[in-house]
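**Q** need a 3D model of the following:
(4 chains)
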Number of protein chains: 2
Amino acid sequence: MADVFAALANPTRREVLRLLLERGEQPVQQLADHFDMRRPSLSEHLRVLKDAGLVTEHPIGRQRFYALRPEPLAEVADWLGPYERFWRARLADLREVLDGLPDE
Amino acid sequence: MADVFAALANPTRREVLRLLLERGEQPVQQLADHFDMRRPSLSEHLRVLKDAGLVTEHPIGRQRFYALRPEPLAEVADWLGPYERFWRARLADLREVLDGLPDE
DNA sequence: ACAATAGGTAGGGGATTCCCTACGGGTCAA
DNA sequence: TTGACCCGTAGGGAATCCCCTACCTATTGT
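**A** Numbering: from 1, shown residues only, chains lettered A, B, ... in the order given. All right, here's what the predicted structure looks like:
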């Protein structure tokens, strides 16, 4: 499974994920209509997303439908876990400072 | 502020963040000791992290200490939010299927 | 059978990434 | 002040990224 972070590094690929989340599975041409980009370029982005496990693909007739596969994003969320504890502690510190200010 | 996702795409940079989380702020040389890489290359990674707002830097004498700044990671967590709802729904579906199986 | 449609692959070119070595500026210790 | 140390920047090279056009196969409709 290719690197999920690398797959997410590209804005076009993140936009594809957003479209698939909002509208559900879609064929390639329908996705391509929303980008200022030729279809073969989008096809390559879709391959990167598929290699990262972020989308699945299945053919219906001559179309290929791509669908969101969010499991790798759950892994990203797990990766964020330890950092989340850190930034929450920071926010708590900030709140304490604010609470300690002379009333105004 | 540069693209946080692009900054996270590189394994060395993610490792830097991990080191800063585990050990707190550190000078460049101490970070560089943990990579099979020349120091100037690590300096460039640190600049990318700083441009993305993921680290802060302050000099003490002739050393420069880098520290974790987790706020952009909180933004990544926010970005994940809608997808999290999606994968949780998936897990719930899976649980239903398992519950519906004939007892075994 | 033939034309049209959907979409992947090949190959190329310019931009960017990621490493390197060489070097320069600032700080500390003798 | 002189040398050692910390670290950033310059510049270059190989690899990768990201777009393109051209082309191919597979499926559908006439």
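**Q** got the residues of chain A near DNA strand C?
**A** When proximity is defined as Cβ under 7 Å from any atom of the strand, chain A approaches DNA strand C at A:27-30, A:32, A:39-40, A:43-44, A:46-47, A:57, A:62-65. C-betas here are computed from N, CA, C, even on glycine.
**Q** just these: which are in strands?
**A** Counting by DSSP state E, the part of the residues of chain A next to DNA strand C found in strands is A:27, A:57, A:63-65.
**Q** out of these, flag the one nearest to B:Met1.
**A** Distances from B:Met1 to these, taken as Cβ to Cβ, are shortest for A:Glu57 (34.1 Å).
**Q** follow-up on the earlier one: let me have the ones in strands among the residues of chain A next to DNA strand C in a markdown table, extended by distance to DNA strand D, neighbour count and pLDDT.
**A** Formatted as a markdown table, those follow (distance: Cβ to the nearest atom of the strand, whole Å; neighbours: other Cβ atoms under 10 Å in any protein chain shown; pLDDT from 0 to 100):
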| residue | distance to DNA strand D | neighbour count | pLDDT |
| --- | --- | --- | --- |
| A:Pro27 | 12 | 16 | 98 |
| A:Glu57 | 14 | 16 | 97 |
| A:Gln63 | 8 | 12 | 97 |
| A:Arg64 | 10 | 15 | 98 |
| A:Phe65 | 13 | 17 | 98 |
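**Q** tell me which of these is nearest to A:Asp78?
**A** Within those, the smallest distance to A:Asp78 is 25.2 Å, found for A:Glu57 (Cβ to Cβ).
**Q** contact partners for that closest one?
**A** By Cβ atoms under 8 Å, 6 or more residues apart in numbering or on different chains, A:Glu57 lies in contact with A:46, A:50, A:64-67.
**Q** returning to what we had before: closest one of the residues of chain A next to DNA strand C to B:Glu22?
**A** The nearest member of the residues of chain A next to DNA strand C to B:Glu22, counting by Cβ to Cβ, is A:Arg47 at 35.7 Å.
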